[in-house]
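Engineer: 3D, please:
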Amino acid sequence: MTTTTLAVLVPLLPFLGALTGLLLGRTAPGFARPLAVLPTLASLALAAVVAARQGGGGPVDAATELTPTGSVPIELALHIDGFAALTAVVVATVAACVQIYSTGYLRDDPRYPSYAALVSLFTSAMLLVVYTGDLMVLLVGWEVMGICSYFLVGHYWETPEARAASLKAFLVTKLGDVPFLIGLFALASDAGSFRITRILGAVAHGGIDHPTLIALLLLAGVAGKSAQFPLHTWLPDAMAGPTPVSALIHAATMVAAGVYFVARLLPLFEASQAAMTVLAVMAAVTMTGSALAALAQDDIKRVLAYSTIGQLGYMTGALAVADRGAAVFHLLSHGAFKALLFLAAGVIIHAAGTNSLAAMSRMSHLRDRVPDAYWTTTVALLALAAIPPFSGFFSKEAVLGVAEHVVTGHTEHAPAAAGWIVLLAGLLTALLTAAYATRLWLLAFRGSGTEAPDHGRQPLTMTAVLWVLAVPSLALGGFAFRVLPDWFDGHDLTPTLTTSVLGTGVALVGGIVTYATWRHTTAHAARVPLGAVAAHPEGDAGQVEAEAIASHEPAYGDVAFAADPSDPGRLLLGPLHRHAAVGFHLDAVYSALFVRPVRAGASLVRFLDREVVDTYVRGAGTLPRWLGAAVRRAQTGNLQTYVSALLAGTVVLAVAAVLVATGA
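Structural biologist: Next up is the predicted model:
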């Protein structure tokens, strides 16, 4: 088969698996697992073949017009370059791992068939975004992922937390999608096409009339989909969904789509220095703010959620300094270790068997009970903290290195201000990332919380996947930075000495300080009476104690403050802890600025409708009703009454006639 045919099958196979799974899920539930796993594995194999054939050479392009539009044509187009080929392999790999893992994690869930079908549809939509060469087709995959996230985050719809989280994820991302859609149409109008290659050609020849406006409109959609400030608030709450779904969303789909989109159209953003500066500021605020919030979270999945937001900030920071190679390199390595972190967290939650133990302050003796999760989580956290030689070190240093090049004037593709912003924010975030990664490891595996009942060994399908993902988390970076330049425009990804020393140094400082703080707080906690801990004013006021679901997945709620006095995050953040734990009150700000005014407006409209409009409607019906009642009273059925009324009327008419005649 040709490369084009194979590429078409890559997103098509999961789509067919999803369609068949939705049709047969109720009537033949025994087919749900093979229909979930086999098409995804086949898609992975084909994506690997496509990547091998593409080989980092010239892009593979093919197109056919979908239908005549009379203006800007819409085409079924493929555009597979090195970025697309490798990204598709990572997407398919993580999706296959998630599907295999889910067969064990959700083995007792009665809604598993629909869940697996939606995961396959989610995967197909992301692969469509990766391979397509037409922005309208990309928009289809973009929106399909949005609706899939709504259903998957709300999988446990019995719980109010899941329902609220799914609705919030859908609405916040749609808030960004509205200007995104306007930007797409404006871009196609200027370029005369939705084809990515033609749009980039128009950008190169100055054919885009309003690059700044279009870039900013598109960035709104990117901020929503990739959970960047200020539209990132949906992602931590999306932890109400099953943990494998969190792994898929955070590592390979949905949030990666926005970064990949900007990488595809980076020359458009480079055409506007204002847009690049806005992108840099957005990345810097996202990186530092999410890292501080992660350091204050008690729930392990919320820590990882804020971590994802911060790592996506590194990717958008690399794009802000005009290097999509570094951005996609970090996207690939992050996909491996973040999927591993979430799936390992799922093993921990599954082993604990109670929802309350998603809180790290209540975890105890997990190192010996889940050794697979312990060792693989350690590998993934070292990659997250960018400690050499783990993969995250090489990809994160690539981002810091290109920022340094902009600062030192080695490249003129981005403003120097963007370089300084990304470099300083990146180094600060590296310090904070190592701190919250160390804190997570200490509290989860060396904590002294409540002992949970032992639910036995985890299914092999869950633990085996962890070791599969541990391999790229450990070894991908050292191999990739030498090979990837041939796939990524030839840009050098070798770590530079200055940023390597600075980045690794601040990471080590963050880890060591956090460990020392933990030792100090642990020793102090041992001397504090238990009653004093329970009475602490910053006690665990928001942790939800919901009932267990068949799969032992937590019914997630808003986690406020950990009650564990040995938590080093509380001491490290000091007075900032209370604010960081609730995401710096951004949800409260949105509630005050948008939710409350909308509700007040709705209440006003309801009042006007009930008290004003309905009053006129009721009044219009009251007068005829009164007239009808008067007429009804006159119809007595008594003949004498009718004759008397007739005679009285005759007399009245006669008198009136006489008066008129007399007056005449």
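
Engineer: Count the residues that sit near residue 78.
Structural biologist: The number of residues packed near residue 78 is 22, by other CB atoms under 10 Å. Glycine gets a C-beta too; all of them are placed from N, C-alpha and C.

Engineer: do the same with the one 4 residues further on
Structural biologist: Around residue 82 there are 23 other residues, counting by other CB under 10 Å.

Engineer: what mean pLDDT would you report for stretch 46-62?
Structural biologist: Confidence for stretch 46-62, expressed as mean pLDDT, is 90.

Engineer: in it, what's buried?
Structural biologist: 46, 47, 48, 49, 50, 51, 54, 56, 59, 60, 62 (16 or more other CB atoms under 10 Å).

Engineer: Surely the fifth one touches residue 3?
Structural biologist: Think residue 50. Yes. Contact between residue 50 and residue 3 holds when scored by CB atoms under 8 Å: they sit 5.9 Å apart.

Engineer: Between these two, which contacts overlap?
Structural biologist: Common contacts of residue 50 and residue 3 (CB atoms under 8 Å, 6 or more residues apart in numbering): 60, 80.

Engineer: what about the residue lying closest to residue 322 once chain neighbours are set aside, which SS state?
Structural biologist: Excluding its sequence neighbours, the residue lying closest to residue 322 (CB to CB, 6 or more residues apart in numbering) is residue 413, at 3.6 Å. For residue 413, the assignment made with DSSP: H, G, I helix; E, B strand; the rest coil gives coil.

Engineer: does residue 413 really touch residue 319, like I thought?
Structural biologist: No. The criterion here is CB under 8 Å, and residue 413 misses it with residue 319 at 11.0 Å.

Engineer: follow-up on the earlier one: what is the nearest of the buried residues of stretch 46-62 to residue 82?
Structural biologist: residue 56 (4.7 Å; CB to CB).

Engineer: and the closest one, backbone torsions?
Structural biologist: With angles defined as degrees, to the nearest 10, residue 56 sits at phi 80, psi 10.

Engineer: ok, it touching residue 80?
Structural biologist: No. In this structure, residue 56 is not within contact of residue 80 by CB under 8 Å, at 11.3 Å.

Engineer: Low-confidence stretches in the chain?
Structural biologist: 352-358, 448-456, 525-565, 664 (pLDDT under 70).

Engineer: Would you map the strands across it?
Structural biologist: 60-67, 74-80 (DSSP state E).

Engineer: tally of neighbours for residue 658?
Structural biologist: 10.

Engineer: now do residue 592
Structural biologist: Neighbour number of residue 592 under other CB under 10 Å is 11.

Engineer: any idea how far it is from residue 585?
Structural biologist: From residue 592 across to residue 585, the span is 9 Å (CB to CB, to the nearest Å).

Engineer: Residue 660 too?
Structural biologist: Residue 660 is 84 Å from residue 585, by CB to CB.

Engineer: okay, the two: which has more neighbours?
Structural biologist: The residue with more neighbours, out of residue 660 and residue 585, is residue 585; 13 against 9, by other CB under 10 Å.

Engineer: Quick check: chain neighbours aside, which residue is closest to the more buried one?
Structural biologist: Per CB to CB, 6+ apart, closest to residue 585 is residue 579, 6.4 Å.

Engineer: Okay, the one you found and residue 82: tell me how far apart.
Structural biologist: On the measure of CB to CB, residue 579 and residue 82 end up 43 Å apart.

Engineer: Next: residue 72.
Structural biologist: Counting by CB to CB - residue 72 and residue 82 are separated by 28 Å.

Engineer: now do residue 244
Structural biologist: On the measure of CB to CB, residue 244 and residue 82 end up 29 Å apart.

Engineer: same question, residue 587
Structural biologist: 40 Å.

Engineer: same deal with residue 384?
Structural biologist: Residue 384 is 25 Å from residue 82, by CB to CB.

Engineer: Same check on residue 277?
Structural biologist: Per CB to CB, residue 277 is found 28 Å from residue 82.

Engineer: before we move on, what about residue 237?
Structural biologist: Residue 237 is 35 Å from residue 82, by CB to CB.

Engineer: Residue 193 now?
Structural biologist: Residue 193 is 23 Å from residue 82, by CB to CB.

Engineer: likewise residue 370?
Structural biologist: 38 Å.

Engineer: can you give me the helices in the stretch 151-300 of the chain?
Structural biologist: 160-191, 196-204, 211-225, 234-237, 243-251, 255-264, 266-270, 273-296, 300-320 (DSSP state H, counting those that start in this stretch).

Engineer: and the spatially closest residue to residue 305 that is not a sequence neighbour, what does it touch?
Structural biologist: Nearest non-adjacent residue to residue 305, counting by CB to CB, 6+ apart: residue 236, 4.3 Å away. Applying CB under 8 Å, 6+ apart to residue 236 gives the contacts 293, 297, 302, 305, 306, 309, 583.

Engineer: Switch these over to CSV; also include distance to residue 346.
Structural biologist: Shown next, in CSV, are the contacts of residue 236 (distance: CB to CB, whole Å):
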residue, distance to residue 346
293, 22
297, 17
302, 14
305, 14
306, 18
309, 20
583, 23
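
Engineer: From those residues, keep the buried residues only.
Structural biologist: 293, 297, 302, 305, 306, 309, 583.

Engineer: Residue 294 is in contact with the fifth one, correct?
Structural biologist: Yes. With contact defined as CB under 8 Å, residue 306 and residue 294 form a contacting pair (3.7 Å).

Engineer: So residue 288 versus residue 581, what's the distance?
Structural biologist: Residue 288 is 16 Å from residue 581, by CB to CB.

Engineer: ok, the two, which is more surrounded?
Structural biologist: Taking other CB under 10 Å, residue 288 and residue 581 do not tie; residue 581 has more neighbours (25 against 20).

Engineer: excluding its backbone neighbours, what's nearest the more buried one?
Structural biologist: That would be residue 296: by CB to CB, 6+ apart, it lies 4.0 Å from residue 581.

Engineer: Against residue 627, how distant is that neighbour?
Structural biologist: In terms of CB to CB, residue 296 sits 71 Å off from residue 627.

Engineer: Which of the two has more residues huddled nearby?
Structural biologist: Applying other CB under 10 Å to residue 296 and residue 627 shows that residue 296 carries more neighbours, namely 29 against 10.
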